[in-house]
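1. coordinates for the following, if possible.
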Amino acid sequence: IGTETEGSIIAPATAAGVVGLKPSLGLVSRHRVILITDQTDTPGPLTRTVADAATLLTVISGEDPADPTTSDAAELAKTDFTTFLDPDALDGKRVGFYTGGIVSDPDLTDEAYFAAIGFTEAVTGLQAAGAEVSVVWGDPLDNQDDFTSLGVIGLRDGVAAYLETTNPGGLIVSIADVVDSNAADLHRYAPFGQNILEAAADAPEVSREEYLAGGAQLREQARAYLDALMAENDLDVLVSSGNRLAGAYAVAGYPAITVPAGRLESGAAAGLTFTGRYLEDGPLIGYAYAFEQASGLREPPPVVTGD
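-> You can find the predicted model right below:
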């Protein structure tokens, strides 16, 4: 199980050639998780296959009084997500392959674009599953500065809440205390530096209401962006390369699942990521499963010895 703020399930799953599922916000409790921001963070499965991810999500999802956000996803609380494992789930569906600025030449044919980014085999797999695939040209959502500002405030408050829950009355009660403790022996406790922790410790003081309003504004913006991409192109689902859409789906609280999609010319693992609307986790699992079964692009990882 991993946790994601903005790509931290999808990106490592892609790099490792495994399945990563970032659920809809609220579907899985964040209790006892150190949150960078409670406006986006969620645990989610990292597994060998889509079937494994569906099984694990079934077990870990549900309402939790310790995390009020789970009430937003209450309608899926007792869902058996393995019931969505349908090899025909993509049959007749319209799939939009989001560019996100990887190749900024709308004069390319769809086939030339897929070839340019190394996803011809993946698209062939989608088509073999019965999907109609087209390129969706668009610039990335411009929200990173605002999201970073929200994140450092959320990290400061999230660490304090975690410490209060797990170690009440302890000597370390804030992220500033963590920074100071690390500074006593940086080589041991923060060998790669602690600039993010320091930024969070120095984050401006804002009220909880202001923080929530900022999160709601970013979430509304991200949902409008994704909804427009899907509506304007008459799509059932968006797909993209790796975590290309993380700045939108994560901030929106929408689900995403990445599936192994062969290898790029460099030899790096490729991942095809499916993004759907809020609480469409079940259908999204179905689409991912259908692609996985039709494409046959999953490669068991090599065994590495210590020699």
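2. next up, phi/psi of residue 274, please.
-> When read as degrees, to the nearest 10, the backbone of residue 274 gives phi -100, psi 130.
3. which strands or helices does the lengthiest helix in the chain pack on?
-> Scanning the chain for the longest helix, with DSSP state H as the assignment, gives helix 208-232. Packing partners of helix 208-232 (3 or more C-beta pairs under 8 Å, 6 or more residues apart in numbering; DSSP states H and E): strand 94-98, helix 144-166, strand 237-241, helix 246-252. For every residue, glycine as well, the C-beta is placed using N, CA and C.
4. got the contact list for the following helix or strand past the second one?
-> Proceeding C-terminally, helix 144-166 gives way to helix 175-183 as the next helix or strand, assigned by DSSP states H and E. For helix 175-183, contacts defined as C-beta atoms under 8 Å, 6 or more residues apart in numbering pick out 155-156, 159-160, 171-172, 189-190, 194, 197-198, 200-201.
5. stretch 70-84 now?
-> The set of residues external to stretch 70-84 that reach it, using C-beta under 8 Å, 6+ apart, is 24-29, 51, 54-55, 57-58, 61-64, 279, 281-283, 285-286, 289.
6. show me these that map onto helices.
-> Among the contacts of stretch 70-84, the residues falling in helices (DSSP H) are 51, 54, 55, 57, 58, 281, 282, 283, 285, 286, 289.
7. surely the last one is in contact with residue 86?
-> Yes: look at residue 289 against residue 86 with C-beta atoms under 8 Å: they come within range, at 6.8 Å.
8. show me what contacts residue 66?
-> In this structure, residue 66 makes contact with 29, 31, judged by C-beta under 8 Å, 6+ apart.
9. just want the angle from the longest helix of the chain to helix 144-166.
-> Following axes from the mean of the first three to the mean of the last three C-alpha atoms, to 10 degrees, one obtains 130 degrees for the angle between helix 208-232 and helix 144-166.
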